[in-house]
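In: sequence below, structure please.
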Amino acid sequence: MRTVTAPPFSPPVTCPPAPARGPRQRRSPAPARMPLRNGFAALFCAVSLFCLTGLAIPDHASASVSGPAQAVAALPAAPQAVVALSVAPPAPAALAVPDDLPLGELRLPPGFIVELYARVPNARQMALGGRTLFVGSMRAGQVHALSLDDALRPTRMARLAEGLALPAGVAFHNGSLYVSAVSRLLRYDGVEAWLASGASGPPPPPVTVRDDLPSETHHGAKVLGFGPDGLLYVPVGAPCNVCRTDPRHGVILRMRADGGGEEVFARGVRNTVGFDWHPETRELWFTDNGRDWLGDDLPPDELNHAPTPGLDFGFPYCHGDTIPDPEYGGPGSCAAATPPARNLGPHVAALGMVFYTGRQFPAAYRGQMFIAEHGSWNRSARIGYRVTLVRLEGGRAVSYEPFAEGWLRDGAPWGRPAALLVLPDGSLLVADDYAGAIYRIRYAGR
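Out: Okay, the predicted model is just below:
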């Protein structure tokens, strides 16, 4: 397994590089190292690269199939690129993944390492089954299933669904996979049995749980989660940058697993794409994206805390804890709203969030919160594009700091963290929809 100390990242000098490939393509095996002394040598390198490309292993990164979804055949174990920020490298991954992302540019606290775990196109929310990682691919319109081995490494990938409308949200509950598709909630039963059988036939057909959710696609991609109360939580964003909303927009809904008993749990929420429950208090926390076009530094994104149902978090009348909206706000707008637990960076696009419930990371991280910041899109200087850490004390968010960063290079991103998941071994998965990748962050000691 190749291990690179970071930073800096310095690739070896070999033949002239091949044309750049997109994130869903495979990088061919590197040719033997040789000095470039004259034009003939350079020509020989180009021919060698062409030949090696033709002999490379089949591309598995996109789990591409024709017709009904099929499992990608299990691939032989291959070394996986790892950026070591400390010492011992992890075991080789069972599913070979292209080593074409500059992981050496990522920066984490001492003792942590990051590795490329899988390539999944437009990877968004992740959900863990018994021995399967499910991933929604929002703009790709697909849902993928990765079979995991005893070391929680992916061994093969299957496409469970395709042609869906913005399937950003996935949740696994009582043996079934729930998938959001804007106005529809779908349930796939028996998916792990299908995978265990080799996924040689078509996947199980979905059951429609709901088909009457708001259908607007502006902030219409919905993440999903089952709470400690056994109910399914479904946020519905505002269908605008800023506007007054009807009772079913700008809210977090909750309902039974069969789709019945819908109620509004929280309102005044512009667009949340990440939420989780505190492991001890079992209270809901969620991110909320601030409105646009109030300048580079206003308003902040928000981290909100909803210990009880029925709270109103102020949209569209108030942003952050003190900023009345210039069009819809007025005196008293912010006094009437539930204030954020913490203001986050302006326009960082805080998406997925998760409480750290594992025991692999040092004790100072346990019970604390990680947030995936997708990154700004219309700020004059880009910010975000990182994973941040919020520390809690006595139910209060007392600090907010970078944890993993480096996806932003010279003002332009090469990756955008979008969702997070804690594996049973305590490692942290980070889904990147821009690079089409999932990373695994582990703690390897001092």
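
In: check the chain for its longest strand and report it.
Out: strand 396-405 (DSSP state E).

In: could I get the CA-only coordinates of it as PDB?
Out: C-alpha atoms of strand 396-405 as PDB (Å, rounded to 0.1, in the frame of the first residue of the first chain):
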ATOM      1  CA  ARG A 396     -24.200  24.400  24.500                       C
ATOM      2  CA  ALA A 397     -22.100  24.700  21.400                       C
ATOM      3  CA  VAL A 398     -19.000  26.300  22.800                       C
ATOM      4  CA  SER A 399     -16.500  26.100  19.900                       C
ATOM      5  CA  TYR A 400     -16.400  25.700  16.100                       C
ATOM      6  CA  GLU A 401     -13.200  24.800  14.300                       C
ATOM      7  CA  PRO A 402     -11.800  23.100  11.200                       C
ATOM      8  CA  PHE A 403     -11.200  19.400  11.500                       C
ATOM      9  CA  ALA A 404     -10.400  18.300   7.900                       C
ATOM     10  CA  GLU A 405      -9.600  20.800   5.200                       C
END
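
In: what residues sit buried inside that strand?
Out: 397, 400, 403, 404, 405 (16 or more other Cβ atoms under 10 Å). C-beta coordinates here come from the backbone N, C-alpha and C atoms, glycine included.

In: which strand or helix spans the closest residue to the third one other than its chain neighbours?
Out: Excluding the flanking residues, the one nearest residue 403 by Cβ to Cβ, 6 or more residues apart in numbering is residue 389, at 4.2 Å. Taking DSSP states H and E as the definition, one finds residue 389 inside strand 386-393.

In: list the strands paired with that strand, with their directions.
Out: strand 369-373 (antiparallel), strand 396-405 (antiparallel) (DSSP bridges).

In: tell me which of these sits nearest to residue 308.
Out: strand 396-405 (16.6 Å; Cβ to Cβ).

In: the helix or strand following that closest one packs against which elements?
Out: Counting by DSSP H and E, the next helix or strand C-terminal to strand 396-405 is strand 408-409. Packed against strand 408-409, as judged by 3 or more Cβ pairs under 8 Å, 6 or more residues apart in numbering; DSSP states H and E, are no other helices or strands.

In: list the contacts of strand 408-409.
Out: For strand 408-409, the external contacting residues (Cβ atoms under 8 Å, 6 or more residues apart in numbering) are 102, 105, 375, 382, 383, 384, 385, 386.

In: pull out the buried residues from those residues.
Out: Buried by 16+ other Cβ under 10 Å: 102, 105, 375, 382, 383, 384, 385, 386, out of the contacts of strand 408-409.

In: so which of those residues is the closest to residue 154?
Out: The closest of the buried ones among the contacts of strand 408-409 to residue 154 turns out to be residue 102 (Cβ to Cβ; 21.6 Å).

In: which parts of stretch 121-140 are buried?
Out: 121-129, 132-138, 140.

In: so how far is stretch 296-306 off the chain centroid?
Out: 20 Å (Cα atoms, centre = their mean, to the nearest Å).

In: whoops, stretch 436-446 was the one
Out: Worked out by Cα atoms, centre = their mean, stretch 436-446 lies 14 Å from the chain centre.

In: do the same with stretch 118-128
Out: Using Cα atoms, centre = their mean, the offset of stretch 118-128 from its chain centre is 7 Å.

In: quick check: mean pLDDT across that stretch?
Out: Regarding stretch 118-128, the rounded mean pLDDT is 97.

In: quick check: bridge partners of the residue nearest to residue 403?
Out: Applying DSSP bridges, one finds that residue 389 bridges with residue 370, residue 401.

In: and what of residue 252?
Out: Beta-bridge pairing of residue 252 under DSSP bridges involves residue 235, residue 266.

In: what are the boundaries of the strands in the stretch 251-400 of the chain?
Out: Along the stretch 251-400 of the chain, counting by DSSP state E, counting those that start in this stretch, strands occupy 251-255, 263-267, 275-277, 284-288, 300-306, 311-312, 318-319, 323-324, 342-346, 350-355, 369-373, 386-393, 396-405.

In: got the ones you listed as TSV, with mean pLDDT and distance to residue 363 columns?
Out: TSV is the format used below for the strands of the stretch 251-400 of the chain (pLDDT from 0 to 100; distance: least, Cβ to Cβ, whole Å):
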stretch	mean pLDDT	distance to residue 363
strand 251-255	98	32
strand 263-267	98	32
strand 275-277	98	20
strand 284-288	98	21
strand 300-306	98	22
strand 311-312	98	32
strand 318-319	98	36
strand 323-324	97	37
strand 342-346	98	22
strand 350-355	98	15
strand 369-373	99	15
strand 386-393	98	12
strand 396-405	98	16
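
In: out of the ones you listed, flag the one nearest residue 180.
Out: strand 251-255 (11.5 Å).
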